[in-house]
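S.K.: Here is my input, please return the structure:
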Amino acid sequence: MRLSARCAAWRTSRMPATEAVAESRSEPRAPSRGRTTAGGLLILGACALSVVPLLSRTVLGASVTSIAGILAAIGLAMSGPALVRSAGEAVVRRLRPETAAPTWLALSHVRAYALRLSGVVGPLAMGVVFVLTYVLAQSTVQAATAEDTRTSTLAQYELTAPSLGGLPEGALSAVRDLPGVRAAEPAGTTTVVWEYEELGEPAVESVSAMILAPGARDVVDLGVTDGDLDRLTGATVAVSGEAARTRGDGLGERVRLVLGDGARVDARVVAVYERGLGFGPVVLSRELAAGHTTTGLARRALVRTDGTREAGRALAALAADRPGLAVASTAPDATGADTRPRCGSTWRWSWCCSGTCC
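M.R.: Below is the predicted model:
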């Protein structure tokens, strides 16, 4: 501490008394041109980085906003004195003669003590950056993911069997035979390890993957831009457009995956979709995931109806007649919670399937 105090007082202690007093009442020096230029370049670079989330709708793209915010705060701290002084001089030149004395004195103080004022602006800017980038960026990604999933889900209802470990045999065909049901397709999720090369070096990433059947396009809209989900059979996968661009695994390419039970597979890409934020970077075919999950049963079935109440009642009655089945609506209510099919004159919030309905 003594060394720091001596270094801080070294220049002032060697100055004449009159010069030290004069300097204490005004700015000691003008900010260097190199510092101002470097700060301006950092701000411009931050503006360029802030455009990345608009071009890459991924979690990685959204994380760039944090880097852009930090660069902008550093740039403002470096070029702040020059910016504050220029802004103060511009405002003072436009002051009218009838301007109140306190206003004139405040603006003159901004111009004369730009270096000190920028020392206050810098920490404030850093606080705003941390709030906007590190707090709001996460909630923005979550909201975008939820919106992506909601808008691309064509099915109105979801049939599950949580107590059975999966949908039992015959449940899916029974749903398809109900009046008003236009499509019912199995769906599930699993975790895979994606092996790929990055900058010539081997890399791996653990990602969540959906399991869909070839008829999934009747219940979900992944925004396929190349290929077709109808070819999602056998050892095939569909990948998001971002993954296809960054990893070079486009249509027709083969990807190396490690499934949940440790089995290594080599799958062919048959479709590329754009809604990877809501559905993840990869979608597996049912045949590829068969035998590599815990129960081997479909976790859920997405059901699309004609939108009538009769179809919802029929689906609810089927779930009530089969122990273990549960029905939920894929559309959230005003509170964000899942709603349930309308049955009679009331909304059912739980389907215990005890044999009664309404």
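S.K.: just the helices in the chain please.
M.R.: Ranges of helices within the chain are 2-13, 17-24, 33-49, 52-55, 59-93, 101-112, 114-129, 136-152, 171-176, 241-247, 276-279, 286-289, 309-321, based on DSSP state H.
S.K.: Next, report how far the longest one is displaced from the centre of its chain.
M.R.: Once both centres are worked out by Cα atoms, centre = their mean, to the nearest Å, helix 59-93 turns out to sit 25 Å from its chain's centre.
S.K.: Report the rounded mean pLDDT for it.
M.R.: Computed over helix 59-93, the mean pLDDT rounds to 81.
S.K.: Check the first one too.
M.R.: Mean pLDDT, helix 2-13: 68.
S.K.: one step back: just say which of the helices of the chain is most tucked in.
M.R.: The highest average neighbour count among the helices of the chain, using mean count of other Cβ atoms under 10 Å, belongs to helix 276-279 at a mean of 22. Where you see a C-beta, it was placed from the backbone N, CA and C, and this is true even at glycine.
S.K.: nearest to Ala235, of the helices of the chain?
M.R.: helix 286-289 (5.4 Å; Cβ to Cβ).
S.K.: In terms of secondary structure, what does that closest one contact?
M.R.: Based on contacts counted as 3 or more Cβ pairs under 8 Å, 6 or more residues apart in numbering; DSSP states H and E, the elements that helix 286-289 packs against are strand 181-198, strand 201-212.
S.K.: How about the most centrally placed residue in the chain, nearest residue that isn't a chain neighbour?
M.R.: Taking Cα atoms, centre = their mean, the centroid of the chain lies closest to Val141, which sits 2.6 Å from it. In space, and not counting its chain neighbours, Val141 is closest to Ala62: 4.9 Å by Cβ to Cβ, 6 or more residues apart in numbering.
S.K.: residue contacts, that neighbour?
M.R.: Pro53, Ala137, Thr140, Val141 (Cβ atoms under 8 Å, 6 or more residues apart in numbering).
S.K.: would JSON lines of the residues you listed with distance to Leu107 and pLDDT be doable?
M.R.: JSON lines is the format used below for the contacts of Ala62 (distance: Cβ to Cβ, whole Å; pLDDT from 0 to 100):
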{"residue": "Pro53", "distance to Leu107": "37", "pLDDT": "79"}
{"residue": "Ala137", "distance to Leu107": "36", "pLDDT": "76"}
{"residue": "Thr140", "distance to Leu107": "37", "pLDDT": "78"}
{"residue": "Val141", "distance to Leu107": "42", "pLDDT": "79"}
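S.K.: pretty sure the residue nearest to the centre of the chain is touching Leu60, no?
M.R.: No. Using Cβ atoms under 8 Å, Val141 is not in contact with Leu60; the gap is 10.4 Å.
S.K.: Please work out which of the helices and strands packed on helix 286-289 is packed deepest.
M.R.: strand 181-198 (a mean of 18).
S.K.: chain center to it: distance?
M.R.: 19 Å.
S.K.: picking that back up, nearest to Arg300 among the helices and strands packed on helix 286-289 would be which one?
M.R.: strand 181-198 (5.5 Å).
S.K.: Direction included, what does that closest one pair against?
M.R.: Next to strand 181-198 in the sheet, as set by DSSP bridges, lie strand 201-212 (antiparallel), strand 254-258 (antiparallel), strand 300-305 (antiparallel).
S.K.: what about those strands, which gets the closest to Leu115?
M.R.: Evaluated with Cβ to Cβ, those place strand 201-212 nearest to Leu115, the distance being 46.8 Å.
S.K.: CA-only coordinates of the closest one in PDB, if you can.
M.R.: Presented in PDB, the C-alpha positions along strand 201-212 are these (Å, rounded to 0.1, in the frame of the first residue of the first chain):
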ATOM      1  CA  GLU A 201      -9.300 -32.200 -34.400                       C
ATOM      2  CA  PRO A 202     -11.700 -34.800 -33.100                       C
ATOM      3  CA  ALA A 203     -14.500 -33.500 -30.800                       C
ATOM      4  CA  VAL A 204     -17.500 -34.900 -29.100                       C
ATOM      5  CA  GLU A 205     -20.700 -33.200 -27.700                       C
ATOM      6  CA  SER A 206     -23.500 -34.700 -25.700                       C
ATOM      7  CA  VAL A 207     -26.800 -33.500 -27.100                       C
ATOM      8  CA  SER A 208     -30.500 -34.200 -26.500                       C
ATOM      9  CA  ALA A 209     -32.100 -35.900 -29.500                       C
ATOM     10  CA  MET A 210     -35.800 -36.500 -30.500                       C
ATOM     11  CA  ILE A 211     -37.000 -39.800 -31.700                       C
ATOM     12  CA  LEU A 212     -39.600 -39.600 -34.500                       C
END
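S.K.: for it, what is the average pLDDT?
M.R.: The model assigns strand 201-212 a mean pLDDT of 86.
S.K.: Give me the contacts around that strand.
M.R.: 185-197, 220, 229, 232, 238, 258, 279-286, 289, 293, 298-299.
S.K.: can I assume Gly312 is in contact with Asp306?
M.R.: No. Taking contacts as Cβ under 8 Å, Gly312 lies outside contact range of Asp306: 10.2 Å.
S.K.: Now do the same for the closest residue to Thr190 other than its chain neighbours: its pLDDT.
M.R.: In space, and not counting its chain neighbours, Thr190 is closest to Gly260: 5.1 Å by Cβ to Cβ, 6+ apart. Gly260 carries a pLDDT value of 81.
S.K.: Thr273 against Val237, yeah?
M.R.: Just so we're on the same page, residue 273 is Tyr rather than Thr. No. If you go by Cβ under 8 Å, Tyr273 and Val237 don't touch, sitting 11.0 Å apart.
S.K.: Great, nothing more from me.
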